[in-house]
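Visitor: Here is my input; please provide its structure:
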Amino acid sequence: METNMRIRPLDMTPTKMTIVCGTDFSIHAVEAANVAAMLASRFDDTLALVHVSEQGGFASTTPEIQRSFLANARMKLDQEAARLRKLGPIVREELLTGSPYEKLIEAGHRDSTRMLVISSLGWVAPSHFFVGSVAERTAERSKIPTLVVRGSTAFTAWMRGERPLKIMACYDLAESSAPVLLWINELRQIGPCEITVAYVAWPPHESERLGIAGQKSATAIAPEAQALLERDLKQKVTGILGSENVSIRVIPSWGRPDLPLLDLAGECAADLIVIGSHQREGLSRIRLGSVSRTLLHHSSTSIAVVPLARASHNAAPIPEFKSVLVTTDLSELGNQAIPYAFSALSHGGMVCLLHIPNQRIKRPRALIH
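Guide: You can find the predicted model right below:
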């Protein structure tokens with residue numbers, strides 16, 4: 001297929017990084033490994049190919065059977081590593097025993113790891129249906145970005161320069177989502193991307209937060225609020241991604257943002273959804289829910305989960321204001337500052353309005369000469 005698309009040269013850094021890929025040798029894992037190998041080759045990273053044998057399978061077997069089982073896994077791992085080397089990267093193999101998602105996370109945290117790559121299916125035991133798949137648990141708990149691959153066709157065509165990668169990024173204005181956009185910027189080193197950045201807004205909350213009266217609909221955003229949200233979103237996005245092949249969408253929703261985001265991903269024909277994760281644990285996860293878990297569980301599209309706590313030396317922290325003082329003379333021009341003050345607040349913040357009447361003080365007649 002002929003194409004005029006131009007591949008961007010990589011910004012090479014002296015720090016050698018690693019891409020960790022988990023495999024159970026299934027057909028889905030092979031696709032994920034192909035993507036990981038091509039990414040490692042394009043980034044000039046090392047590919048760490050990891051297979052984890054669950055300890056539970058050894059409980060009722062003899063030492064001889066255990067050794068035979070591990071020897072068979074080692075043979076498959078060596079064969080897969082040899083196949084992936086033909087795609088270009090340096091590959092090292094790791095055969096581990098234990099909990100698959102725990103060992104994958106540990107492997108990712110040992111080195112200067114760019115990302116974890118895993119297939120959406122695999123390592124499925126009956127217990128996983130109750131506690132989440134290996135892919136879901138890995139993505140939710142890893143401190144580095146995790147790419148869950150559902151099909152390799154789009155990634156292969158993109159890395160060959162045949163077409164752009166269509167990415168939908170989920171953005172949260174109330175928290176710093178800069179790591180999501182910074183991670184996408186890393187992908188743009190490889191080839192062109194068409195990026196849609198989406199923010200799901202609850203109309204009554206947004207109108208109240210922005211100080212806009214007259215919100216009549218719970219499902220539609222007031223025009224003034226829509227304009228301010230689009231302005232703020234565009235400002236934050238273009239500050240990191242620029243404006244080339246980047247569009248923004250502010251979507252109204254009464255409830256959780258899961259379904260609107262899934263609908264938008266289908267509308268955009270996204271090849272990849274990128275979402276931040278707060279990595280809540282225990283009762284906090286149950287009480288507040290997890291958008292990333294819902295997307296991981298229900299989306300048919302590849303998903304990258306980026307920890308929002310991920311530090312980056314490339315971006316200054318975005319300040320959050322708890323209180324803002326606004327002065328106004330109550331004129332139409334003076335009052336225009338009020339919505340901007342509300343838009344700068346973090347959740348639960350306060351705006352203080354200050355107006356000083358412009359009145360002449362009458363002096364007592366006794367003081368008039």
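Visitor: any chance you could read off phi and psi for the residue nearest to the spatial centre of the chain?
Guide: For the chain, the residue lying nearest the average C-alpha position, counting by CA atoms, centre = their mean, turns out to be residue 275 (2.7 Å). As for residue 275, its main-chain torsions (degrees, to the nearest 10) stand at phi -140, psi 150.
Visitor: Tell me the spacing between it and residue 293.
Guide: The spacing between residue 275 and residue 293, counted by CB to CB, to the nearest Å, is 10 Å. Every residue, glycine included, has its C-beta placed from N, CA and C.
Visitor: Could I have the CA atoms of stretch 43-54 written out in CSV?
Guide: Output of stretch 43-54 as CSV, limited to C-alpha atoms (Å, rounded to 0.1, in the frame of the first residue of the first chain):
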residue,chain,number,x,y,z
PHE,A,43,11.5,3.3,20.7
ASP,A,44,14.8,1.5,20.7
ASP,A,45,13.8,-0.1,24.0
THR,A,46,14.5,-3.5,25.4
LEU,A,47,11.6,-5.9,25.5
ALA,A,48,11.2,-7.9,28.6
LEU,A,49,9.0,-10.9,27.8
VAL,A,50,7.5,-12.3,31.0
HIS,A,51,5.6,-15.5,31.6
VAL,A,52,4.2,-16.2,35.1
SER,A,53,3.2,-19.7,36.1
GLU,A,54,0.7,-19.6,38.9
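Visitor: Mind listing what's buried along that stretch?
Guide: 43, 45-54 (16 or more other CB atoms under 10 Å).
Visitor: between those, which is closest to residue 305?
Guide: residue 50 (18.1 Å; CB to CB).
Visitor: Now the closest one. Nearest residue, chain neighbours left out?
Guide: Nearest in space to residue 50, with sequence neighbours left out and distances taken as CB to CB, 6 or more residues apart in numbering, is residue 94 at 4.6 Å.
Visitor: List the contacts of the one you found.
Guide: For residue 94, the contact set (CB atoms under 8 Å, 6 or more residues apart in numbering) comprises 48-51, 107.
Visitor: so which helix or strand takes in the residue lying closest to residue 165 once chain neighbours are set aside?
Guide: In space, and not counting its chain neighbours, residue 165 is closest to residue 158: 4.1 Å by CB to CB, 6+ apart. Residue 158 belongs to helix 153-159 when assigned by DSSP states H and E.
Visitor: quick one: average confidence on the helix or strand containing residue 182?
Guide: Secondary structure assignment for residue 182, by DSSP H and E: helix 178-187. For helix 178-187, mean pLDDT rounds to 94.
Visitor: can you check stretch 46-59 too?
Guide: The average pLDDT within stretch 46-59 is 80.
Visitor: same check, this time on stretch 87-94
Guide: Stretch 87-94 shows a mean pLDDT of 96 in the predicted model.
Visitor: What residues of it count as buried?
Guide: When neighbours are counted by 16+ other CB under 10 Å, the buried residues of stretch 87-94 are found to be 87, 89, 91, 93-94.
Visitor: Kindly report the same for stretch 183-192.
Guide: Judged by neighbour count (16+ other CB under 10 Å), stretch 183-192 contains these buried residues: 183-188, 190-192.
Visitor: Next: stretch 345-358.
Guide: Residues of stretch 345-358 classed as buried: 345, 351 (neighbour count, 16+ other CB under 10 Å).
Visitor: what about that stretch, distance to the chain center?
Guide: Its chain's C-alpha centre and that of stretch 345-358 lie 33 Å apart, by CA atoms, centre = their mean, to the nearest Å.
Visitor: For that stretch, give me every contacting residue.
Guide: 174, 209, 211, 320-330, 338, 341-342.
Visitor: Restricted to strands, list those residues.
Guide: Those of the contacts of stretch 345-358 mapping onto strands are 321-327, per DSSP state E.
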